[in-house]
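> Fold the following for me, if possible:
(2 chains)
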Amino acid sequence: MFFYYLQLAVRSFRRNRVLTVLMVLTLGLGIGASITTLTVLKLLSGDPLPTRSARLFTPVINPWAADSEGAVEQMPRWWGDMMSYTDAMSLLHARKAKRQAVTTLTKARIAPTKPGTYPFFGGGVLTTPDFFAMFDVPFAYGGGWSAQDGENRARVVVISSALNNRLFAGRDSVGKMLRVNDHEYRIIGVLKPWAPQPRFYALNFGDTYGDGDAVYLPLQSARANHMLPTNYSCWGPANTAHMETSPCAWVNLWVEFEHAADARAYKQFLKHYVQQQMALGRLHQPRVWLYSLTGFLDREQVVPSDLRLQTNLAFGFLLICIVNTVGLLLAKCLWRSREIGVRRAMGAMRRMIFAQYMVESAIVGITGGVLGLVFAELGLLAIRHQPASYAHLAHLDPSMFAATFAVALVASLIAGLLPAWRACVVVPAPQLKSI
Amino acid sequence: MQIKPILSALRHHKAGTILIAVQIALTLAIVCNALFIIQQRVTQLSRSSGVDEAHLIRIQNQWVGTDDKDIGPLMKADLDTLRRLPGVVDAYATNTTPLSNGGWSTGMSLKPGSKGERTMTAIYFADNHTLNTLGLKLVAGRNFHASEVAPHMPHDTLQPPQVIVTKALADKLFPGGQAVGKSVYLGDKPSIIVGVVARLQVPWVGGWASNWEGQSTLVPRQLMMGGANFVVRVKDGQLGKIERAAPAALLASDRMRVIADDHGVMTFTQMRQDVYKRDRGMAILMGVICLVLLGITAAGIVGLTSFWVGQRRKQIGVRRALGATRHDILSYFLTENLLIGVTGVVMGVLLAMGMNQWLMQAFEMQRISWLWVAGGVIVLLLLGQAAVLAPAMRASRVPPVVATRTV
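All right, here's what the predicted structure looks like:
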């Protein structure tokens, strides 16, 4: 029976070629636009560390003076949800979580020693030892540094696999020296390729998406060599030679708990810490925040609002395409009232007519889906040529591929319902009369 | 033209009529809002930065192997090199420029320290060559003197004795009053406003700085921190030449520096394109979507009307046989479409307003003006009429003899 319906459908498509092409094209455009924007949205709102994110949190406390409330109200994100060094290190040393790390980002000037090569810039993560274990950073060679190395201002560095490929042709470079910002650092670890998307650990310090940072340095060692964070907010006269004691926020603190539920206790600890510091006169604002990793991504509006707007627009577009396809299918099917009349008179049941028309819609839908896939690939190709930092990551993944067909099929079946219903309620007698 | 027979005919095609009306309504809602977004983006990206963009180049330079305290002479030597190049009008070194989307902002107050209300301003490091290089127009007061320009080390507090502010900032700080000669505070010590320039946009082009995008301050300081942005103004027609000659001259004078290959040397025209790329992309995308939507809606109308015409060939034949002219038939279908269209746009206007309301809440858009909605209504009605024209013409050509055949 199904094949008979298929045959009928093909014959009907042949009869109204323009109308058929129009339907498939409309549906294809709508699906293509929706899938393109959805893919980018999924890419940008993805979880950078799916296995760990539920247990990773970042605390924020308000370092501003009592009388600057107005300024804070005016610019809620003025200080970029960063923390002052003093507070971050106090909380780090309190060791109230399973693991904790203080992070910030610098623009590292890397000078290869090979003659004839010139210095270049790379992302430099300044952090504390737990960073690697906490974020599950994979090492190819060597490993990270100890808390002692940090305290001693040891000049050690962990480099990315990309930098290792560039400078040492991918060989084990542990023990070799690297010149960063005019100081010699000993390489103690080489990473495997690692670039979480988005780069959650440096959200307020530069590009949100990218190929990963080049070097990882102990925070205190790098600061001893005057490396500066790429972003800092100050609420008083700043002295960048002594960022540690300046009234400035320029680091993030990340903590990992054994269970996500430990966050509640940690927040109490934070409140307690702030009250203590207020009693000492160091802090003035009692509010504290503890964001989960995904909560922090939301807070920092990692997904550009333009993109959400585009996605909504694309679905509005798809809706119009579906309405249009319903209209065209309806026109086509009413055109064939006589044919239906004949089939009914010859004994076809209503549900058979219904099934026949649904098969026809499904074919339109699947063809539209294939076309939509082509349009989506074209759309993503266009996005890969955009200047955004996430551009080169935009690819159609298998789940989106499946989603395309699900959307196409559902859309076409919805579009087919009304015409199919109208077709099966056609009363045969009047149709036959007029033949 | 009689409306009543049309209405009773439409009653026989409820589903089709409703579908076309709904499609027109949805299209109107989306097209109005999309056009409005286009207009907003275009306004945004055609704002003036206040500087002579057509003749400006920015060179991002980092010195290698130098302590911040030794940068002074290097900066001076580099500026001399740049200013001596044939084809260069003037040059200066700064921390940032308009259209760069990154820089230094702070609160400016009329009282010392952290007391008093603070007005947001962008800080541009400048010297006595800055006004001439950027092509800024002084509307009151004077330029910096060479003697006022001093180095600023990273650990210094920024509180220069003199500043030049933009008119927007002066008006905000001293509404209706003279700003030149008045004191303002960046820290604990006062800064005297010595000059006011007509316009200088802040480095950030969107979002958080949009409420104070004209409030900039020039400080007579040279930032001694790792590197510098050199801004070079060139004579007419020399842009391409200097774009290559300037970095070459700098590298020739001293190899110990980094000028990045990709964005190290940029004309302000390129910077404007770069910084507004996303806005322009959005405007183009919206435009394409509008066109495609209008096309799809038109195709839908053509499809359904063609079917109606085909279905009613016999009735048309009867009417023609009873004396209706071809013109009568044509205007019958046009009126029918107009009725559906008007129903559609009425729904569409409500939908467009609702959608705008939602956009205002979710995406901080502004309220759409009636002009855009009215424009959308006219476009869609005209589109409907144009789409129905071909099928209606075909209908009007149905010969009366059709009626006599199979009745």
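
> Show the pLDDT at A:P428.
pLDDT recorded at A:P428 is 78.

> centre of the chain versus the longest helix along chain B, how much separation?
When chain B is parsed with DSSP state H, its longest helix is helix B:326-363. Computed by CA atoms, centre = their mean, to the nearest Å, the separation of helix B:326-363 from the middle of its chain amounts to 29 Å.

> That one packs against which elements?
Helix B:326-363 sits against helix A:305-335, helix B:4-10, helix B:14-45, helix B:277-311, helix B:313-321, helix B:370-396, with contacts defined as 3 or more CB pairs under 8 Å, 6 or more residues apart in numbering or on different chains; DSSP states H and E. (C-beta placed from N, C-alpha, C; glycine too.)

> where does A:F57 land in three-state SS?
Assigned by DSSP: H, G, I helix; E, B strand; the rest coil, the conformation of A:F57 is strand.

> For it, list the residues it contacts.
Taking CB atoms under 8 Å, 6 or more residues apart in numbering or on different chains as the contact definition, A:F57 lies against A:A97, A:W254, A:V255, A:E256, A:F257, A:A263, A:Y266, A:L290, A:Y291, A:S292, A:L293.

> swap the cut-off to 10 Å and go again
A:97, A:100, A:253-257, A:260, A:262-263, A:266-267, A:289-293, A:295-296 (CB atoms under 10 Å, 6 or more residues apart in numbering or on different chains).

> if we can go back for a sec, same list, the helices and strands packed on helix B:326-363, but as CSV with distance to A:L49, mean neighbour count and mean pLDDT please.
Shown next, in CSV, are these (distance: least, CB to CB, whole Å; neighbours: other CB atoms under 10 Å in any protein chain shown; pLDDT from 0 to 100):
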stretch, distance to A:L49, mean neighbour count, mean pLDDT
helix A:305-335, 22, 22, 84
helix B:4-10, 59, 13, 81
helix B:14-45, 35, 21, 88
helix B:277-311, 27, 20, 84
helix B:313-321, 67, 18, 85
helix B:370-396, 45, 18, 90
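
> distance of A:V190 from chain B?
For A:V190, the distance to chain B equals 24 Å [CB to the nearest CB, to the nearest Å].

> Any buried residues in the helix or strand hosting that residue, and which?
Using DSSP states H and E, A:V190 sits in strand A:183-191. Under the neighbour-count criterion of 16 or more other CB atoms under 10 Å in any protein chain shown, strand A:183-191 has A:H183, A:Y185, A:I187, A:I188, A:G189, A:V190, A:L191 buried.

> Isn't the first one up against A:A224?
When you say that, I think you mean A:H183. Yes - under the criterion of CB atoms under 10 Å, A:H183 makes contact with A:A224 at 9.0 Å.

> is chain B contacted by the helix or strand that the strand holding A:V190 is followed by?
Next helix or strand after strand A:183-191 toward the C-terminus (DSSP H and E): strand A:215-218. No - Strand A:215-218 stays clear of chain B (CB under 10 Å from any CB of the partner chain), getting no nearer than 15.8 Å.

> cool, and stretch A:105-125?
Yes - using CB under 10 Å from any CB, we find that stretch A:105-125 touches chain B at A:K107, A:R109, A:I110, A:A111, A:Y118, A:P119, A:F120, A:F121.

> if we can go back for a sec, of all the buried residues of strand A:183-191, which comes closest to chain B?
Distance to chain B, by CB to the nearest CB, is smallest for A:H183 among the buried residues of strand A:183-191, at 10.7 Å.
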